[in-house]
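Enquirer: Everything below, folded, please.
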Amino acid sequence: MVASAIVQAEGSLARQIERAAAILGQSGPCLVLTGAGISAESGLRTFRGPGGLWEGHDPAQLATPDAFARDPETVWRFYAWRRASAAQAEPNPAHRALVRLEEQRGEDFLLVTQNVDGLHERAGSRRIVDLHGSLWRLRCVAEGIEFEDRRVDLGRLPPRCRCGALLRPAVVWFGEALPAEALARATEAARCARVVLVVGTSGLVHPASALPEIARAQGAAILEVNPEATPLSRLADVCLRGPAGRVLPELVARTEGVLGREPQA
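Expert: Now for the predicted structure:
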């Protein structure tokens, strides 16, 4: 009975991938939205749900301007640990599949990610918006200057700018607005998209979770890749229930054979 159920599930997923490939293969602008789930398959923790603690701290209580003002050293130890974890992780097959999709579609492609780990860039993605910033960029709290620093070990914490002021991670913390330029670019892509591929996001974090809704209102098709149902599942034309590292390579491979064709009714 168990084996039979597995075979049925495999067959159902294969059919859903075929349906999704026919939709994703349409010509026109394609928007991809990724969340923590795709990085989790590279071994990075999501911190959501029970047990999502770091050294006994709730990360949501550390990732705030108030926490940084109160205890910058502890906040920086958390982010130093995250940088080290991201540096040790490797892009997985899902990251690489999205690189191939970008190569297929060229300028008709934009990847918007909620992740700050840099794995998409390391995989080779180029047309990308880091909606929540990057672990690998630092910002001076006095001058507002940002710069990239790929060193895993930043030395004594908290690090300081040449001007003497504290440096902070150039990521979006709770209570902060998203970078205006990044949000504008992502929103415009959602308005113009013909198809949106949502991968590994919980659908709980705004305004990123609003992007598929914006696209849907303009007539775009929505495809979701996630092992579990999310609040965005109700918008999806096709929900692919499985790990992104398995589903995306097959989906993109099938898309190569149908790109530009209209899906059959």
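Enquirer: What backbone torsions are found at R96?
Expert: With angles defined as degrees, to the nearest 10, R96 sits at phi -70, psi -30.
Enquirer: ok, it - contacts?
Expert: R96 makes contact with A123, G124, P249 under the criterion Cβ atoms under 8 Å, 6 or more residues apart in numbering. C-beta here means a position set from N, CA and C on the backbone, and glycine is covered the same way.
Enquirer: Out of the residues you listed, which end up buried?
Expert: Applying 16 or more other Cβ atoms under 10 Å to the contacts of R96, the neighbour count classes A123, P249 as buried.
Enquirer: Mark which of the contacts of R96 are part of helices, please.
Expert: Judged by DSSP state H, helices contain the following of the contacts of R96: A123, P249.
Enquirer: What segments of this protein are helices?
Expert: According to DSSP H, the helices that the chain contains are 2-24, 36-40, 59-62, 65-70, 72-88, 93-105, 119-123, 180-192, 210-217, 244-255.
Enquirer: Of these, give the one that comes closest to V141.
Expert: Closest to V141 of those, according to Cβ to Cβ: helix 65-70, at 8.3 Å.
Enquirer: Quick check: buried residues in the closest one?
Expert: The neighbour-count check on helix 65-70 (16+ other Cβ under 10 Å) flags A67, F68 as buried.
Enquirer: Show me the contact partners of it.
Expert: For helix 65-70, contacts defined as Cβ under 8 Å, 6+ apart pick out Q61, T74, V75, R168, W173, G175, E176.
Enquirer: re earlier: deepest-packed of the helices of the chain, please.
Expert: Greatest average neighbour count among the helices of the chain goes to helix 36-40 (a mean of 24), per mean count of other Cβ atoms under 10 Å.
Enquirer: quick one: average pLDDT of it?
Expert: Mean pLDDT, computed over helix 36-40, is 96.
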